[in-house]
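Enquirer: test case, fold it:
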Amino acid sequence: MQVKTGCELIYNSYGDVPLILLVRPRDRANHILLEETRQTTPEVPIHDFTDIYGNNFWRMTAPAGQFRVYYDALSEVPPTPDPVLSDLPGHLVQDLPDEALHFLLPSRHCQSDILISDAWGLFGQTEPGWKRIQAVCDWLHSNVIYGKGSNSNTSGFDAYLARRGVCRDFAHMGVMLCRALSIPARYVCGYLPDINVPVDPTPMDFHAWFEAFVGGEWHTFDARHNHPRTGRVLIGRGRDAVDVALATIYGNADLTSFKVWADEAASQTSNLKTEEPF
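Expert: Take a look at the predicted model:
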């Protein structure tokens with residue numbers, strides 16, 4: 001299956017403003033990047049670099065005035081939903097590979113160290129492994145209201161106390177609770193088309209979910225939807241949203257228009273949705 005994904009970002013800059021953007025999919029991360037187009041208006045030099053987690057970043061400087069970034073890509077993805085492997089076993093910490101240990105540690109938005117008692121009280125009696133992680137997702141999906149109100153400073157612990165959040169918060173809470181249960185977990189962001197599900201009428205945005213290490217591999221979990229989805233195109237992985245921010249701005253620039261799209265390429269209709277930032 002092929003999917004079209006991309007975005008258009010328009011800024012109004014007050015002088016030269018350095019930008020770091022993360023919107024390009026990671027190639028060969030459960031999808032294969034086939035084609036892509038990248039444009040800026042006005043045209044500026046772009047430096048590509050890969051961070052310590054393997055994410056593809058762009059560095060550029062937005063000139064004064066209106067600055068537009070356009071990106072469009074075609075990717076090949078599995079035609080089947082996220083796999084559900086309920087019998088996968090968990091791991092004792094002493095048996096984890098070295099590279100997974102980093103994702104047991106608390107981070108800025110995933111303060112797992114202050115939720116250890118809560119996590120074990122809620123999930124300590126569940127079967128270790130996939131079923132325990134799924135119990136975390138089930139609990140979040142049932143007990144946390146999906147709704148706006150959080151911002152870039154809202155942590156997973158803030159959302160946990162408020163019992164409210166957007167996909168970013170659901171991902172942070174899933175990561176936070178898993179780490180508190182000694183399960184390596186990492187934050188993931190990407191594009192998620194509406195394939196084999198009712199089309200969401202709200203403006204499309206980048207989506208966030210998480211991955212947990214179980215059965216010797218990293219696997220996808222999505223507490224926001226809590227249902228296997230088809231067509232995920234992964235952009236970035238990290239400890240939390242700080243590592244995979246859509247944009248990092250060093251100066252005075254306002255985001256004046258923001259569009260994201262993700263559609264099955266064979267479809268004759270588009271789910272392109274537009275949102276004007278507040």
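Enquirer: quick one: the helices in the stretch 51-200 of the chain?
Expert: Under the criterion DSSP state H, counting those that start in this stretch, the stretch 51-200 of the chain contains helices at 116-123, 130-143, 156-162, 167-180.
Enquirer: setting aside sequence neighbours, what's the nearest residue to residue 135?
Expert: Nearest non-adjacent residue to residue 135, counting by CB to CB, 6 or more residues apart in numbering: residue 126, 4.5 Å away. All C-beta spots, glycine's among them, are computed from the backbone N, C-alpha and C.
Enquirer: how many other residues sit next to that neighbour?
Expert: For residue 126, the neighbour count with other CB atoms under 10 Å is 16.
Enquirer: and the one 3 residues further on, by the same measure?
Expert: Residue 129 has 19 neighbouring residues, counting by other CB under 10 Å.
Enquirer: what sits against it?
Expert: Residue 129 makes contact with 87, 88, 89, 90, 214, 215, according to CB atoms under 8 Å, 6 or more residues apart in numbering.
Enquirer: of those, which belong to strands?
Expert: Per DSSP state E, strands hold the following members of the contacts of residue 129: residue 214.
Enquirer: and the strands in the stretch 151-278 of the chain?
Expert: Along the stretch 151-278 of the chain, counting by DSSP state E, counting those that start in this stretch, strands occupy 164-165, 185-191, 207-214, 217-221, 233-238, 247-249, 253-264, 273-275.
Enquirer: same check, this time on the stretch 1-150 of the chain
Expert: Taking DSSP E, counting those that start in this stretch, the strands of the stretch 1-150 of the chain run over residues 2-13, 17-21, 32-41, 47-50, 56-62, 65-76, 145-146.
Enquirer: same list (the ones you listed) but as JSON lines, adding mean pLDDT and mean neighbour count.
Expert: JSON lines is the format used below for those (pLDDT from 0 to 100; neighbours: other CB atoms under 10 Å):
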{"stretch": "strand 2-13", "mean pLDDT": "97", "mean neighbour count": "21"}
{"stretch": "strand 17-21", "mean pLDDT": "97", "mean neighbour count": "19"}
{"stretch": "strand 32-41", "mean pLDDT": "96", "mean neighbour count": "14"}
{"stretch": "strand 47-50", "mean pLDDT": "97", "mean neighbour count": "10"}
{"stretch": "strand 56-62", "mean pLDDT": "98", "mean neighbour count": "18"}
{"stretch": "strand 65-76", "mean pLDDT": "97", "mean neighbour count": "18"}
{"stretch": "strand 145-146", "mean pLDDT": "96", "mean neighbour count": "11"}
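Enquirer: please consider this matter closed, and thank you.
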